[in-house]
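1. give me a model of this one.
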Amino acid sequence: MSENAGRRRDAERTRADLLARATAAFAETGYSGTGVDEIARRSGTTKRMIYYYFGSKEGLYLAVLEQAYRGIREAEQQLQVDGLEPVQALRRLAEITYDHHLENDDFIRLVAIENIHRGRFISQLDSLRDLNAPALDLLDQLLRRGREQGLFRDDVAALDVHLLISSYCVFQVANRHTFGHLFGSDLGAPDRRAQLRAMIGDIVVAWLTAPVG
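-> Model prediction:
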């Protein structure tokens, strides 16, 4: 490995570690409640290093948001749908989304915080529109195949399916503690995971295969 290649790899590792530490910090205390000093302390580096890589606290936060959304989109794109029937593929997509949300609760917290700020920061990330486009493209492809085979109703758009799956999966994390207190049911309990995972697949398939009207 050349010296320049080694430096690039070290820089990539440093940047990745800063993003990971910042993600945890912002998810815990929000944008306003998290200082650069705290992120520097968690990552064992300096404010100067953070500014070197990201320019500012806001630049770091924007990078955290972009990476958080990139994670779920990459998980979706790993789904190989060519060999799956439309019903099986949509069920699998719903399950992958459920798994990703439960395993990345910082992502859900960041989304909630961003909505508290009325999309103040995400509105600056035009790149996320392009990043999220494949999610709807994949759903469009599956819905089209299902309709061609006479399996799916024709009055449901890809965005509607995305909304349903996302809403269900976000709820599992965002409302876990309040729901658990009110109803005495832990949505994150291991013995409930398989049931709740299967439920979103059942809901999506039942909706898409139900007769129109």
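2. measure F107 to R42 for me?
-> Between F107 and R42 the distance is 18 Å, computed by CB to CB, to the nearest Å. Any C-beta I mention is one placed from the backbone N, CA and C, and that applies to glycine too.
3. more neighbours, the two?
-> F107 (21 against 16; other CB atoms under 10 Å).
4. can you pull the contacts of that one?
-> 27, 68-69, 71-72, 100-101 (CB atoms under 8 Å, 6 or more residues apart in numbering).
5. return the set of buried residues in the helix or strand harbouring it.
-> Per DSSP states H and E: F107 is located in helix 105-116. By 16 or more other CB atoms under 10 Å, the buried positions in helix 105-116 come out as 106-111, 113-114.
6. please compute how far it lies from its chain's middle.
-> 10 Å (CA atoms, centre = their mean, to the nearest Å).
7. put the alpha carbons of that helix into PDB.
-> Taking C-alpha atoms only, helix 105-116 is exported to PDB below (Å, rounded to 0.1, in the frame of the first residue of the first chain):
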ATOM      1  CA  ASP A 105     -33.100   3.200  16.400                       C
ATOM      2  CA  ASP A 106     -30.800   6.200  16.200                       C
ATOM      3  CA  PHE A 107     -32.200   6.600  12.600                       C
ATOM      4  CA  ILE A 108     -35.700   6.900  14.000                       C
ATOM      5  CA  ARG A 109     -34.700   9.400  16.700                       C
ATOM      6  CA  LEU A 110     -32.900  11.500  14.100                       C
ATOM      7  CA  VAL A 111     -36.000  11.500  11.900                       C
ATOM      8  CA  ALA A 112     -38.200  12.500  14.800                       C
ATOM      9  CA  ILE A 113     -35.800  15.300  15.800                       C
ATOM     10  CA  GLU A 114     -35.800  16.600  12.200                       C
ATOM     11  CA  ASN A 115     -39.600  16.700  12.100                       C
ATOM     12  CA  ILE A 116     -39.600  18.600  15.400                       C
END
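8. coming back round to it: are any of the contacts of F107 buried, and which?
-> 27, 68-69, 72, 100-101.
9. surely V204 meets R92?
-> No. Using CB atoms under 8 Å, V204 makes no contact with R92, being 10.5 Å away.
10. give me the below-cutoff pLDDT ranges for this protein.
-> Within the chain, the ranges that satisfy pLDDT under 70 run 1-8, 213.
11. next up, identify which helix or strand the most centrally placed residue in it is on.
-> For the chain, I72 is the residue whose C-alpha lies nearest the centre (CA atoms, centre = their mean; 4.0 Å). For I72, the host element (DSSP H and E) is helix 57-77.
12. now that helix: buried residues?
-> For helix 57-77, a neighbour-count test (16+ other CB under 10 Å) marks 57, 60-65, 67-69, 72-73, 75-76 as buried.
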